[in-house]
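Asker: Take a look and give me a structure for this.
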Amino acid sequence: MDIGIYPAIDMRGGKCVRLLQGDYAKETIYGDSPFDMAKTFVEAGVKWIHMVDLDGARDGKRINAGHVLRVAKELPVKVQIGGGIRSEEDVAFYVEQGVDRVIIGSIAVSNKELTKELLKKYPGKIAIGLDVKDGFVATHGWYDTSSVTAVELGKEYAQAGASIYIYTDISKDGMMQGPNVQAITELAEETGVPVIASGGVRGQQDVEELSTYPRKLVEGAIIGKALYTGAVNLRKLMNEVDSHAD
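Answerer: So this is what the prediction gives:
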């Protein structure tokens, strides 16, 4: 099984939580410490952790950054962070302190000029997060839906040097219904940029399906609720991924 595994740590009020379809009123708390959660993931053998500042996504500023930097500095793992990143200053803040990848979502829609500058200035350090509702990209913590499709935006940023996309189907996030494989692979094929699948992964079977595609199309899978509910055994999954790598 050749695929990147990205366990998700969504942070709100300093705790590890999961929202249902991005609804802040439908929250489940799974842990009091993002760092401790990250540590258990690292002990299971992961190479990346996907962190989201939910407070930041809603309020448009960095709020849970301290937890992110602690994981990046104290644990032997790569970190990608999304949520509340609205400026070059926000990107620089994380990159300069050792975060491996910064996810740009809302400003990829609202400020294309800045996004293209960031892709150029921080090559390989920027992921474009495409949160999609009925084919159209949503912004600002999923509160607003734009009039641009994921493929349209993806093609534009591919020309500007985008190296990775994160595709989240909002309708499937936290619903344990399986990822939108068709949309994910279409985005990769249309843009020529690899995609990390997010939203809806419900078990190992979904990961195995995604791993049937070459990594130049589907680079990885973000796993959230399925980990916290025990539907995916992370250690077992990582053993299978590592055995393929060997």
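
Asker: ok, now which ones touch residue 147?
Answerer: residue 136 (C-beta atoms under 8 Å, 6 or more residues apart in numbering). Heads up, the C-betas are built off the backbone N, CA and C, glycines and all.

Asker: That one in helix, strand or coil?
Answerer: Using DSSP: H, G, I helix; E, B strand; the rest coil, the structure places residue 147 in strand.

Asker: Relative to residue 224, how far out is it?
Answerer: Applying C-beta to C-beta, to the nearest Å, the value for residue 147 to residue 224 is 28 Å.

Asker: for residue 58, same thing?
Answerer: Remark: distance between residue 58 and residue 224 (C-beta to C-beta) = 18 Å.

Asker: Tell me which of the two has more neighbours.
Answerer: Using other C-beta atoms under 10 Å, the more surrounded residue of residue 58 and residue 224 is residue 224, with 25 against 18.

Asker: Helix or strand for residue 8, just tell me which one.
Answerer: Using DSSP states H and E, residue 8 sits in strand 4-12.

Asker: Tell me if I'm right that residue 67 and residue 12 touch.
Answerer: No. Between residue 67 and residue 12 there is no contact under C-beta atoms under 8 Å: 11.0 Å.

Asker: just checking, residue 124 touches residue 162?
Answerer: No. Applying C-beta under 8 Å, one finds residue 124 not in contact with residue 162, separated by 10.4 Å.

Asker: Compare neighbour counts for those two and give me the winner.
Answerer: Taking neighbours as other C-beta under 10 Å, residue 124 and residue 162 compare with residue 162 leading, 24 against 11.

Asker: Contact partners for that one?
Answerer: 119, 126, 128, 154, 191, 193.

Asker: so where's the protein uncertain?
Answerer: Along the chain, segments meeting pLDDT under 70 span 140-143, 172-176, 245-246.

Asker: which residues in it form strands?
Answerer: Remark: strands assigned in the chain by DSSP state E are 4-12, 15-20, 23-31, 48-53, 78-82, 101-104, 126-133, 136-139, 144-149, 165-169, 195-198, 218-223.

Asker: Between these, which one is closest to residue 234.
Answerer: In terms of C-beta to C-beta, the element of the strands of the chain nearest to residue 234 is strand 4-12, at 6.4 Å.

Asker: And that closest one, what does it pack against?
Answerer: Secondary-structure packing of strand 4-12 (3 or more C-beta pairs under 8 Å, 6 or more residues apart in numbering; DSSP states H and E): strand 15-20, helix 34-43, strand 48-53, helix 54-59, strand 195-198, strand 218-223, helix 234-245.

Asker: Dump those into TSV; add distance to residue 208 as well.
Answerer: Compiled in TSV, the helices and strands packed on strand 4-12 are given as follows (distance: least, C-beta to C-beta, whole Å):
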stretch	distance to residue 208
strand 15-20	23
helix 34-43	20
strand 48-53	19
helix 54-59	29
strand 195-198	12
strand 218-223	10
helix 234-245	9
